[in-house]
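K.L.:
Any chance you can model this:
(4 chains)
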Number of protein chains: 4
Amino acid sequence: MTVRVETLLSRYRSVRQETESRAAPLSDADATPQSMADASPAKWHLAHTSWFFEQFILSAYVPEYEAFDADFAYLFNSYYEAAGPRHQRSARGLITRPALDRVRAYRAHVDDAVARAMPDLGEEARALITLGLHHEEQHQELMLTDILHLFAQNPLEPVYAADGVRAEAIEDGLSWHDHAGGLVEIGHEDDGFAFDCEGPRHKVHLEPFALASRLVTNAEWDEFIDDGGYQTAALWLSDGWAWVNGKGITGPLYWRAEQDNRPSQFSLRGRRRLDPAAPVTHISYYEADAFATWAGLRLPTEAEWETRAPSLADAHGQCWQWTGSAYLPYPRFRAAAGAVGEYNGKFMSGQFVLRGSSCATPAGHARDSYRNFFYPHQRWQFAGVRLAKSL
Amino acid sequence: MTVRVETLLSRYRSVRQETESRAAPLSDADATPQSMADASPAKWHLAHTSWFFEQFILSAYVPEYEAFDADFAYLFNSYYEAAGPRHQRSARGLITRPALDRVRAYRAHVDDAVARAMPDLGEEARALITLGLHHEEQHQELMLTDILHLFAQNPLEPVYAADGVRAEAIEDGLSWHDHAGGLVEIGHEDDGFAFDCEGPRHKVHLEPFALASRLVTNAEWDEFIDDGGYQTAALWLSDGWAWVNGKGITGPLYWRAEQDNRPSQFSLRGRRRLDPAAPVTHISYYEADAFATWAGLRLPTEAEWETRAPSLADAHGQCWQWTGSAYLPYPRFRAAAGAVGEYNGKFMSGQFVLRGSSCATPAGHARDSYRNFFYPHQRWQFAGVRLAKSL
Amino acid sequence: MTVRVETLLSRYRSVRQETESRAAPLSDADATPQSMADASPAKWHLAHTSWFFEQFILSAYVPEYEAFDADFAYLFNSYYEAAGPRHQRSARGLITRPALDRVRAYRAHVDDAVARAMPDLGEEARALITLGLHHEEQHQELMLTDILHLFAQNPLEPVYAADGVRAEAIEDGLSWHDHAGGLVEIGHEDDGFAFDCEGPRHKVHLEPFALASRLVTNAEWDEFIDDGGYQTAALWLSDGWAWVNGKGITGPLYWRAEQDNRPSQFSLRGRRRLDPAAPVTHISYYEADAFATWAGLRLPTEAEWETRAPSLADAHGQCWQWTGSAYLPYPRFRAAAGAVGEYNGKFMSGQFVLRGSSCATPAGHARDSYRNFFYPHQRWQFAGVRLAKSL
Amino acid sequence: MTVRVETLLSRYRSVRQETESRAAPLSDADATPQSMADASPAKWHLAHTSWFFEQFILSAYVPEYEAFDADFAYLFNSYYEAAGPRHQRSARGLITRPALDRVRAYRAHVDDAVARAMPDLGEEARALITLGLHHEEQHQELMLTDILHLFAQNPLEPVYAADGVRAEAIEDGLSWHDHAGGLVEIGHEDDGFAFDCEGPRHKVHLEPFALASRLVTNAEWDEFIDDGGYQTAALWLSDGWAWVNGKGITGPLYWRAEQDNRPSQFSLRGRRRLDPAAPVTHISYYEADAFATWAGLRLPTEAEWETRAPSLADAHGQCWQWTGSAYLPYPRFRAAAGAVGEYNGKFMSGQFVLRGSSCATPAGHARDSYRNFFYPHQRWQFAGVRLAKSL
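P.N.:
Numbering: from 1, shown residues only, chains lettered A, B, ... in the order given. Sure thing, here's the model as predicted:
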């Protein structure tokens, strides 16, 4: 089934525009440094998402296309071995030129070329454009979390925007959504877009379980801290205990203890007092697991989450939710041939799956079958906890 | 069901004796250094396994027991946070005293006390003795793999024993053991001993699959090398590719290219020409996964392995077999209370499950439900590959 | 002797203007990242040199002075322990705000306040202004060498300026300037400005020696490379040999071998073919020492250099010249009391003295008694070699 | 002037015997591990000192000599690039075989061969034997300091010997030995043995100065600690301050604060209460320099030390004394040709000179012209402080 050109072009424009909007508050300087190896400069996100279309659509399907700048393929390839050599990831923050304006010109150049080419592109190329738009939405989220991390390193604590996204207070009390267990199916199956790793749809056997109706809050996390959670070895995975002690971790990323005992939190809006009713965010898998152990509960598996998600009010739009499932291929999964086959499959070791989506995720991007993944120590994303228990 | 004293005592003596036998070829000097953080000195293994009985049986259940040396609890605790502070793991190799003879005296002291106490011990304590014996068997295996690693750092390439264990040549051709899929049960269930992480027994849904009737051989691995396997990014997980390049890996641990194109391998028998028909060993998960991708196949899941293992001739006694399953808790798993609860559960992040057992595993130690686990880069164990495919 | 206000103010304006001129080709983005721990962002240089006047003049001697921004003292103190806590040196490159324009406003604010205050300042404060101007000149040089290093990390190899400074070709042949040895005096003595470490003037006994009339050239360095200099252990200090091999060094910083055998060099003018007649620059002490050993000669001591410098045509303005003297206090040297006492004295371990000045040194900044100092592995400065020999 | 065979042989036997005596309290295990990269196993010292004679005398001058073990040249070469490849320094502690007994047999084999060859050796070879004996004496000292460091890593704190060497209490009060300054000569000149770096003898001009008549004591050092010396930035060199804070240094190596406020010290005799009247030992250059600054004094230069040493009661036999002089070549110094030329010259960067000798130095080994050298952070030697001042 081919997407109509008008529909695709309209979506293309709207996704590309959203990226620009998110970058609007940033100066050329803001968009340049790299605050850690896991993060990338905003300028790089702006350019890399354009490179994706240039590399996989324009260079592949539009013979007359002329590259905006022959050096950009090297600078803005992320990790596609099949697309040739690339700039060292950890050195992305030293590329002061091209300037932000020139990167914007690059985006415009690519946009023009894609718009002109679109009517003549076949199904395969259009599917790659759709992939490129979902790819760009992922970078829209990363652009915000990377800027948050960068600004957090600045003692001046700059404000990204007065209305920058954040997880919002939860009104509802905690109840439990039960499931009787048995054979269920998970994985993407309808004809909408999904990433390759969301399928194939397949059967999983579940034991009876229940999911919490709402996310863990900052107030609950504060109790965990007050109860000595970060000092109690018995609550932690061995790797987590080494991480907590090696890094001197005493609370979620961006929290700071204040004298009156109510912590503050650095956010895209600057430093603010913590909202006790908001979901806790910016925690690692190690912390999520330790909290669940402290609560006498556990994290859900991704199959449990996906099965029960349709009944949850806050499955999406607040924070990613760590599951207890390792990021591994579903039965019969095979990565696509060629460079885009490197999109997901090659990351299937050492990481855990997060489900749902966050306040930084663009509207409409995620699905219940969506599988996000991070290493267990990473916490610069809006990642939180939904608890589960066996029945 | 309580084990009879005579049976338990006889098994106690035989396990303790096997440890001594494995240490017999070692001098005090051989038994002292630590060749890397993952490995421990033989002297430490000899003492730590005795500390386990002292700490969890004698100190806990035998009021009149007098510790052999008050300092040993600190020196020879491994990772039990609940059992108090302990010597830093990475500095185990600088403990030149106690001498090997004194560690042997410590073993005899503990053995005497355990033998004297045994008739009066109740079910709980006897269960802990049984756990301690299985624990000691695990260290028997580690003692050999750690010595192999230590000797491999010595340019003189010392021989541990002329008949040191090794994986033996496989006579059989490759065939496939099919399974129709569907709901199966895995996990330990009979009344024999098993580690806590082997249960609870539970249902798993499988897709139709087949397991290789035999292990991958050195000759097959050599083909993988000759075909540029270690230089082909597309075959590797992203973390694996970084590992291969960062460490300059070009073949299994202990292999060395020789001028006539037939590699040699360092072993407990010293350096020998590689036996092409023997199973490949000393490979990482990354290598196992890349090999399977190269072969157009995959690694089995642990549920697939356990379901089909009874039909395999070489499931046990040659090498551990990497599965594609992360080491995670089975449904309803709960770690035991107290220090022995730290035995397995706290390691459930970042590691992969290996099934079967190796030539270094003591006879009778392993089971089809046995779950060994290592980080994906570790390869100083006798770890190899059994291939699988979806049907 | 007090400097006249008009003279001091005129010099103040001219030095401050030179800093602005050197920053003129840079965008806010160019001025933000830090390419290595040894280097600082241009924005930081611009602000820190202003902080120096704010901290040591305005806050100390001008009661009504109001700080431009209360946070800047923390951000822009470099290493003065006595001036309070400061931002971590290695994280200077993540300060995207203040923007470059705001740093320029800071400079203007400080300049106005200094100009207004100057008539009322006493001798001590005026001496500190003079120190601040020499301090700023040092940062003018660093700003260029740090930008060169930053741009060298960018695969696009940006050009700082078409006429960016560089060491210029040497026309003269090599001859030797002899000295008969005996008791000489070195160290600053006239009533002009000098840094504290340049004195006290004192006697040194010299053996007969000769200094080369000109600097070592790129062509001579190329011979050293061609002769296997970087692969010959016997030529190197032990630390240097470890450095060469650990870092894979094969030539001066910014050199690149080209196919036609004539290397290119990255410079403030971009990448250019090497000028064989220009002095070699961007080499470490280890390389300088190895080259001298290869040539059967040696580096001069700083006393030899200072004694014979007046007769040299290229003592200044091309490149700093490594001496074989460690950077240590002269007899009776005492650091000044207070924060400015930290200027030089606390760096007197592990570094070597360089004499002369470079093409990046502001005109009029250096003297024959000037003692520059760097660690023996550092080479991002315009550092080269003048040879010496004992007679 | 050729040394008589009987004299040389007698000295050879006595030096070799002293090495054995120092190793006598050590087991094979004690003699095997390496506690840090700077230290070496005792077994290695025993073998390397023998290798020196094998390599530079027997292999070079005795055609019929048969090497004890062909592999030992690789294992026991220290840093002589010209003598061929060698085992990685940092991995010396994993060589469990050869056993200590076999190393002793190696020593006997070399001793027999040297004794047999000696009558026929010419002047050059005899000079090399003399060098080898002084070399062995240096390793005698290192063997003790390395064992002390190794034993200090063992929580059991083993005793090397009840009468192990230590710095002894000083009875005398502090007075000052003045010197009027002027031109002096330093460096070795008589016809006895000296290392190459002790010459050539040459003139140095000194300002008037005074040396303390005795070493700084533990009691004085304790005052420095009590006065906050380790927490006062202004006292420290910049590199020293980074070292103190990076490593969390709060006192000399092997000191431990005790509850009653009188520290204990680990020594070759085990842990003992600190003797307040004994010289402080096991301090770094950074600490020595900070202490001198705190005392309003300074460290002597090596020329000052050498000039005034003959009048000092405790110049030798207690502890090495840090000077403020970098380890650099004397005027006209040239390293010898060949491998023995690597003995001293290649270490002339980044290190400071220590003068005198310590309680661990073999009797008769040192001279007033002797130049020991270590990096400014190193402190596992018996290194202490003698203060100086300018007059």
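K.L.:
Could you chop chain A up by domain?
P.N.:
Domain assignment for chain A, taken from automatic domain parsing, gives A:5-152, A:176-390.
K.L.:
would you list every one of the helices in chain A?
P.N.:
A:5-23, A:42-53, A:59-61, A:72-76, A:100-117, A:123-152, A:218-226, A:238-247, A:285-294, A:302-308 (DSSP state H).
K.L.:
The third one packs against which elements?
P.N.:
It stands for helix A:59-61. In terms of contacts (3 or more Cβ pairs under 8 Å, 6 or more residues apart in numbering or on different chains; DSSP states H and E), helix A:59-61 is packed against helix A:123-152. All C-beta spots, glycine's among them, are computed from the backbone N, C-alpha and C.
K.L.:
go on, the first one?
P.N.:
Using 3+ Cβ pairs under 8 Å, 6+ apart as the contact test, the elements touching helix A:5-23 are helix A:42-53, helix A:100-117, helix A:123-152.
K.L.:
which of these sits most buried?
P.N.:
helix A:42-53 (a mean of 26; mean count of other Cβ atoms under 10 Å in any protein chain shown).
K.L.:
Now do the contacts for the residue of the stretch 151-300 of chain A found nearest chain D.
P.N.:
Scanning the stretch 151-300 of chain A for the residue nearest chain D gives residue A:248, at 13.6 Å (criterion: Cβ to the nearest Cβ). By Cβ atoms under 8 Å, 6 or more residues apart in numbering or on different chains, the contact set of residue A:248 is empty.
K.L.:
per-residue pLDDT, the residue sitting furthest away from the middle of chain A?
P.N.:
Distance from the C-alpha centroid of chain A peaks at residue A:64, with 35.2 Å (Cα atoms, centre = their mean). If you check residue A:64, the pLDDT there is 96.
K.L.:
With residue A:202 instead?
P.N.:
98.
K.L.:
Now do the contacts for it.
P.N.:
Contact analysis of residue A:202 by Cβ under 8 Å, 6+ apart lists A:185-187, A:330-332, B:207.
K.L.:
quick check, nearest of those residues to residue C:312?
P.N.:
Using Cβ to Cβ, residue A:330 comes nearest to residue C:312 of the contacts of residue A:202, at 75.0 Å.
K.L.:
Report the separation between the closest one and residue A:308.
P.N.:
Computed as Cβ to Cβ, to the nearest Å, the residue A:330 to residue A:308 distance reads 19 Å.
K.L.:
Give the residue from these two that has the larger number of neighbours.
P.N.:
residue A:308 (23 against 18; other Cβ atoms under 10 Å in any protein chain shown).
K.L.:
what residues are up against the closest residue to that one other than its chain neighbours?
P.N.:
Leaving aside its sequence neighbours, residue A:308 sits nearest to residue A:211 (Cβ to Cβ, 6 or more residues apart in numbering or on different chains; 4.7 Å). Residue A:211 sits next to A:176-177, A:179, A:300, A:304-305, A:308, A:312, A:386-388 when contact means Cβ under 8 Å, 6+ apart.
K.L.:
Next, count neighbours for the closest residue to chain B within the stretch 51-200 of chain A.
P.N.:
Proximity of the stretch 51-200 of chain A to chain B (Cβ to the nearest Cβ) peaks at residue A:81, 3.8 Å away. For residue A:81, the count of nearby residues is 17 (other Cβ under 10 Å).
K.L.:
Same check on the one 3 residues further on?
P.N.:
Other residues within reach of residue A:84 by the criterion other Cβ under 10 Å amount to 11.
K.L.:
measure it to residue B:240 for me?
P.N.:
In this structure, residue A:84 and residue B:240 are 20 Å apart, going by Cβ to Cβ.
K.L.:
What parts of chain A come near chain C?
P.N.:
Residues of chain A lying near chain C by Cβ under 8 Å from any Cβ of the partner chain: A:27-33, A:35, A:43, A:71, A:74-75, A:87, A:91, A:93-100, A:150-151, A:153-156, A:158.
K.L.:
Give me the distance between the closest residue to chain B within the stretch 101-250 of chain A and residue B:48.
P.N.:
With Cβ to the nearest Cβ, the shortest gap between the stretch 101-250 of chain A and chain B falls at residue A:233, namely 3.8 Å. Here the criterion is Cβ to Cβ. By it, residue A:233 lies 19 Å from residue B:48.
K.L.:
repeat for residue A:230
P.N.:
Taking Cβ to Cβ as the measure, residue A:230 falls 29 Å from residue B:48.
K.L.:
same check, this time on residue A:274
P.N.:
Here the distance between residue A:274 and residue B:48 works out to 45 Å (Cβ to Cβ).
K.L.:
Quick check: which ranges of the stretch 151-300 of chain A have low pLDDT?
P.N.:
By pLDDT under 70, the stretch 151-300 of chain A contains no weakly predicted segment.
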